[in-house]
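# Kindly generate the corresponding structure for this input.
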Amino acid sequence: MSLAEKYPVRYTVEDWKKWEGDWELVEGVPYALASPKPKNQIFLVKIASFLTNVFKDCKNVNVAVELDWFISSDTVVKPDLLVFCGEIPDRLTDVPDLIVEILSPSTKIIDEGLKFELYQLNKVKYYIIFDLEENIFKIYEHDGKQFLEKKDDKFVICGCNFSLNFNQIFG
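Numbers count the residues shown, from 1 in each chain. Down below sits the predicted model:
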């Protein structure tokens, strides 16, 4: 057992608020956020524009990029993009309806492992992972117990039914 495992240090969101730089905090454990590649940032803007256009006729649907989601007193994450319903809060504490993460080599294990489990535990309705290196994406839908890979393009958010064809922006 390593010394770090033997003497674990846990932080709170109150500690996190005082830190310099970009960090996420999961169950008291800090994770530094890497600066995104230009390719990822450009793709993120495309996804945000695409989703904003899809939801233009849906009331109370909000699309946000790199917004902190405060899950508990020791967990706060910053998904690449999230969609939530209702009024725009001062601080997002409710579970988002949809989360998008764009993989990079430095975040792949976190996004496909830690965040996948965290979002699943918190019952995020849809989780979409884009892998720009492999030119693929995976969509997961929460069935009330766990994420299942989604095979169709039909979605319901804030009572709005719509189709999302990400192949339109993935080329």
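# Rounded mean pLDDT for the helix or strand containing residue 109, please.
Element membership of residue 109 [criterion: DSSP states H and E] is helix 108-109. When pLDDT is averaged along helix 108-109, the result is 94.
# what's in contact with it?
By CB atoms under 8 Å, 6 or more residues apart in numbering, the list of residues contacting helix 108-109 from outside reads residue 131. Placement of C-beta: from N, CA and C, glycine included.
# Please shift the residue numbers so they start at 114 in all later answers.
Sure, I'll start counting at 114 from here, so that last one is helix 221-222.
# That one: what's the following helix or strand?
Elements were assigned by DSSP H and E; along the chain past helix 221-222, the next helix or strand is helix 228-234.
# Go through that following helix and flag the buried ones.
The neighbour-count criterion (16 or more other CB atoms under 10 Å) identifies 228-229, 231-232 as the buried residues of helix 228-234.
# buried residues in stretch 215-226?
Taking 16+ other CB under 10 Å as the basis for neighbour counts, the residues of stretch 215-226 that come out buried are 215-217, 220, 223-224.
# Just give me how far the helix holding residue 222 sits from the chain centre.
On the basis of CA atoms, centre = their mean, to the nearest Å, the separation between the geometric centre of helix 221-222 and that of its chain is 13 Å.
# Which stretches in the protein count as helices?
116-119, 126-129, 151-167, 221-222, 228-234, 280-283 (DSSP state H).
# now, of those, which is deepest in the fold?
The highest mean neighbour count among those belongs to helix 228-234 (a mean of 18), with neighbours defined as mean count of other CB atoms under 10 Å.
# any weak-confidence spans in this protein?
The chain contains residues with pLDDT under 70 at 283-284.
# all strands of the chain, in order?
In the chain, the segments counted as strands under DSSP state E are 136-139, 142-145, 174-178, 182-185, 188-190, 194-198, 211-215, 239-244, 249-255, 260-262, 267-270, 273-276.
# what's in contact with the first one?
It stands for strand 136-139. With contact meaning CB under 8 Å, 6+ apart, strand 136-139 is reached by 124-126, 128-129, 143-146, 187-191, 227, 231.
# ok, back up a step: mind giving me TSV with the strands of the chain and columns for distance to residue 153?
Below are those laid out as TSV (distance: least, CB to CB, whole Å):
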stretch	distance to residue 153
strand 136-139	16
strand 142-145	16
strand 174-178	12
strand 182-185	19
strand 188-190	17
strand 194-198	11
strand 211-215	5
strand 239-244	9
strand 249-255	13
strand 260-262	22
strand 267-270	23
strand 273-276	25
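# Ok, which of those strands comes nearest residue 116?
strand 142-145 (15.3 Å; CB to CB).
# measure residue 128 to residue 187 for me?
Residue 128 sits 9 Å away from residue 187 when distances are taken as CB to CB, to the nearest Å.
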